[in-house]
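[1] sequence first, predicted model second:
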Amino acid sequence: MNTTEQVRHHTFEETLLSARRTMVLSEILKLAVDSFRSSKVRFALTALGMVIGTASVILVVTIGLTGKQFILQELQKLETNSVELEYSGGGAMGEERTVFNDYLTRDDEKAVLAQLPSVMYSSPVMEMHTPISYGRGVVKDTLVLGVSPQYMNIRNLITPEGRFLDDTDDIAHLKCAVISEKFAHDRFGSSDAAVGQSFEISGIPFTVIGVFRQSVDDMGMSEIQDQTILIPYSVARYFTGTENVKQIYFSMRSMDEVTEAASEIKRIVQARHRPGSAYTTQTLKEVLTTAAKVADILTAVLFLVSAVTLMVGGVGIMNIMLANVRARTREIGIRKALGATYREIKYQFLAEAVIISLIGGIVGTIVGLALPLSVRVFTNYNLPISGWSVAIALAAATSVGVFFGTVPATRAAQLDPVEALRDE
């Protein structure tokens, strides 16, 4: 046999092998479908475990992403875009090492605003603790903060009654105040009753123009206390006798700019003061990053827990397929007697397990997506849906079918045809 004939013979054998494999695959799928048609209830009950498992995976990921989104949105209300600049202390100079105070000034604030266009809002904070009369002889030491009108945006404050400080109040040095809800209730009985009322700070009457509260509980992370009074910075400086402050707050346009802005703010201010002066900046970006990591870990843990449901569904598939092998022992013997190979018998039962698992996964995916999509359509809530969760759920369903279908498929393929034909 010459070389040309050898090539033709080899090509012919490959063509026959390819045709035989195609025939075997189509036959396997046809036999699997016929098996499902003859036992529809068994097929449905077997696939039910995968439906529940796949749907639970998608729903758990959706719940985890929703929880993460909610947590991050709440934390973003805690001034995650803000940078707190604080004077930490003075150095010493001269031969006698004289300690000096080098506090922050409004000029420092203006210098930062001029050099950092990413700053949206800024406000100095002048802090005082002053005895305030609450009536009936009750006097309490109360926190008074001198701030600018932009302090409201920096701290995300809400004014349910009245209004907040504005530029007119600050420029005209008006004796007005915005008080916390707790102070309004203790001093005037209620928030709505407090607006328009007057009280004294160090013997000077102030008119209440509004009542404020924080948009979210900051868990004591800010300078605001339950009983707090906010007055214009231009008025507060008369009580302290100086325009210097220990703290200035800045708010950036985006959280991504916070870290770089904090370094720049410190550099700008440090260059304007003595070399020995110490200034620090604080941000909440680390808190937000940590919260995001915790939320991701919780989502991963919940995902692993839901994966147990897939495993339970896989065990169900294996048990049903083992029972199926026992019930169809005579069929297996006949097929082997007619020439079915070990591989063909194994692939037949493995294909049945994978098809059951995959169909259950597809139905479970539809069920798992139906809930968040329904919430999107019929409510104002935009639940996040992860495409990765769908892909992972379907891949896991297929893998479970292959893994748990291997044992019954192997057992069916290993049956002795003579012993199988004797089975009644």
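    Yep, that arrived.
[2] which residue ranges form the helices in the chain?
    3-38, 40-76, 106-115, 151-154, 167-171, 181-188, 191-194, 233-240, 258-272, 285-327, 329-337, 342-378, 387-413, 417-422 (DSSP state H).
[3] what bits of the protein have low per-residue confidence?
    For the chain, the stretches flagged by pLDDT under 70 are 1-39, 74-79, 90-100, 217-221, 286, 420, 422-424.
[4] residue ranges of each domain in it, please.
    What automatic domain parsing lists as the domains of the chain is 28-73+290-422, 82-283.
[5] got these as a markdown table, with mean neighbour count columns?
    Quick note: C-beta positions are derived from backbone N, CA and C, even for glycine. Converted to a markdown table, those look like this (neighbours: other C-beta atoms under 10 Å):
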| stretch | mean neighbour count |
| --- | --- |
| domain 28-73+290-422 | 18 |
| domain 82-283 | 17 |
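[6] turn the helices of the chain into JSON lines, including distance to residue 138.
    Shown next, in JSON lines, are the helices of the chain (distance: least, C-beta to C-beta, whole Å):
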{"stretch": "helix 3-38", "distance to residue 138": "81"}
{"stretch": "helix 40-76", "distance to residue 138": "35"}
{"stretch": "helix 106-115", "distance to residue 138": "36"}
{"stretch": "helix 151-154", "distance to residue 138": "28"}
{"stretch": "helix 167-171", "distance to residue 138": "28"}
{"stretch": "helix 181-188", "distance to residue 138": "9"}
{"stretch": "helix 191-194", "distance to residue 138": "16"}
{"stretch": "helix 233-240", "distance to residue 138": "22"}
{"stretch": "helix 258-272", "distance to residue 138": "41"}
{"stretch": "helix 285-327", "distance to residue 138": "37"}
{"stretch": "helix 329-337", "distance to residue 138": "91"}
{"stretch": "helix 342-378", "distance to residue 138": "50"}
{"stretch": "helix 387-413", "distance to residue 138": "58"}
{"stretch": "helix 417-422", "distance to residue 138": "95"}
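[7] what is the nearest residue to residue 263 once chain neighbours are set aside paired to in the beta sheet?
    Leaving aside its chain neighbours, residue 263 sits nearest to residue 281 (7.6 Å; criterion: C-beta to C-beta, 6 or more residues apart in numbering). Beta-bridge partners for residue 281, by DSSP bridges, are residue 85.
[8] list the contacts of residue 281.
    83, 84, 85, 86, 262, 263, 265, 266 (C-beta atoms under 8 Å, 6 or more residues apart in numbering).
[9] on that earlier part again, closest to residue 132 out of the helices of the chain?
    Among these, helix 181-188 comes nearest to residue 132, with 7.6 Å by C-beta to C-beta.
[10] so what touches the closest one?
    For helix 181-188, contacts defined as C-beta under 8 Å, 6+ apart pick out 132, 134-135, 142, 160-161, 179, 190-191, 193-194, 197, 199, 208, 211-213, 226-229.
[11] next step: those residues restricted to strands.
    132, 134-135, 142, 160-161, 179, 199, 208, 211-213, 228-229 (DSSP state E).
[12] nearest to residue 383, of those?
    The closest of these to residue 383 turns out to be residue 213 (C-beta to C-beta; 28.7 Å).
[13] tell me the spacing between the closest residue to that closest one other than its chain neighbours and residue 207.
    Using C-beta to C-beta, 6+ apart and skipping residues adjacent in sequence, the residue nearest residue 213 is residue 181, 4.9 Å away. According to C-beta to C-beta, to the nearest Å, residue 181 stands 18 Å off from residue 207.
[14] and what of residue 388?
    Residue 388 is 57 Å from residue 207, by C-beta to C-beta.
[15] check residue 144 too.
    Separation of residue 144 from residue 207 (C-beta to C-beta): 15 Å.
[16] my read: residue 53 touches residue 309, true?
    Yes. Contact criterion C-beta atoms under 8 Å: residue 53 and residue 309 qualify, at 4.0 Å.
[17] what sits against residue 365?
    Residue 365 touches 54, 55, 58, 390, 393, 394, counting by C-beta under 8 Å, 6+ apart.
[18] out of these, which is nearest to residue 379?
    residue 58 (18.7 Å).
[19] name the residue closest to the centre of this protein, please.
    residue 68 (2.2 Å; C-alpha atoms, centre = their mean).
[20] identify the residue spatially nearest to that one, adjacent ones excluded.
    In space, residue 68 is closest to residue 295, 3.6 Å off (C-beta to C-beta, 6+ apart).
[21] ok, residue 262 touching residue 280?
    No. Using C-beta under 8 Å, residue 262 is not in contact with residue 280, being 9.5 Å away.
[22] looking at the ones in strands among the contacts of helix 181-188, which is nearest residue 353?
    Nearest to residue 353 among the ones in strands among the contacts of helix 181-188, with distances taken as C-beta to C-beta, is residue 213, at 59.7 Å.
[23] show me what contacts that closest one?
    With C-beta under 8 Å, 6+ apart, residue 213 has these contacts: 157, 158, 160, 180, 181.
[24] mind running it again at 7 Å?
    158, 160, 180, 181 (C-beta atoms under 7 Å, 6 or more residues apart in numbering).
[25] residue 106 now?
    124, 243.
[26] distance check, it against residue 236.
    Taking C-beta to C-beta, one finds residue 106 at 12 Å from residue 236.
[27] residue 203 too?
    15 Å.
[28] residue 173 against residue 234, yeah?
    Yes. With contacts counted by C-beta atoms under 7 Å, residue 173 reaches residue 234, the gap being 5.0 Å.
[29] for residue 381, phi and psi?
    phi -90, psi 130 (degrees, to the nearest 10).
[30] for it, which non-adjacent residue is spatially closest?
    Residue 381 sits nearest to residue 375 (C-beta to C-beta, 6+ apart), 5.5 Å away.
[31] now do stretch 244-261: distance to the chain's middle.
    In terms of C-alpha atoms, centre = their mean, to the nearest Å, the centre of stretch 244-261 is found 24 Å from the chain centre.
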